[in-house]
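In: no FASTA, just this:
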């Protein structure tokens, strides 16, 4: 199973499942419990970036007897992380993207 954005699921087909922000699905665990996977908002670049470069998602894993885990995906926005932290409180473990995205400054060559 592949969980991704609505746009990517349409392109990938097959086992790709769209999980838009704040939608969730529940998966059975081998031990008889379950884990809820929730799509979380993410922004790939600055607010001014074209929508086509911003199609990314993150995930939250929660359940009655498991720690709350937030996976940021390719998110580059601290504002988004703050929003998610408030919504999921408390977060036991956060896996944050630490990529090296670079943009050209206006007027730079």
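Out: Perfect, thanks for sending it. Owing to the predicted nature of the structure, the values given are computational and were not obtained by experimental measurement.
In: hey, where'd the strands end up in this protein?
Out: Secondary structure of the chain (DSSP state E): strands located at 2-4, 16-18, 24-28, 34-40, 58-63, 66-71, 93-95.
In: and the contacts of the fourth one?
Out: Applying C-beta atoms under 8 Å, 6 or more residues apart in numbering, the set of residues contacting strand 34-40 from outside is 3, 19-29, 57-63, 66, 70, 72-73, 80, 84. Quick note: C-beta positions are derived from backbone N, CA and C, even for glycine.
In: which of those are buried, as a ChimeraX select command?
Out: Applied in ChimeraX, the following selects the buried portion of the contacts of strand 34-40 according to 16 or more other C-beta atoms under 10 Å:
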select :3,19,57,58,59,60,61,62,63,70,72,73,80,84
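In: just the mean pLDDT for the longest helix anywhere in the chain, thanks.
Out: The helix of greatest length in the chain, counted in residues with DSSP state H as the criterion, is given as helix 78-88. pLDDT averaged over helix 78-88 equals 90, rounded to a whole number.
In: packing partners of it?
Out: Under the contact criterion of 3 or more C-beta pairs under 8 Å, 6 or more residues apart in numbering; DSSP states H and E, helix 78-88 touches strand 58-63, strand 66-71.
In: turn those strands into a markdown table, including mean pLDDT and distance to residue 45.
Out: As requested, the helices and strands packed on helix 78-88 are exported to a markdown table (pLDDT from 0 to 100; distance: least, C-beta to C-beta, whole Å):
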| stretch | mean pLDDT | distance to residue 45 |
| --- | --- | --- |
| strand 58-63 | 96 | 15 |
| strand 66-71 | 95 | 19 |
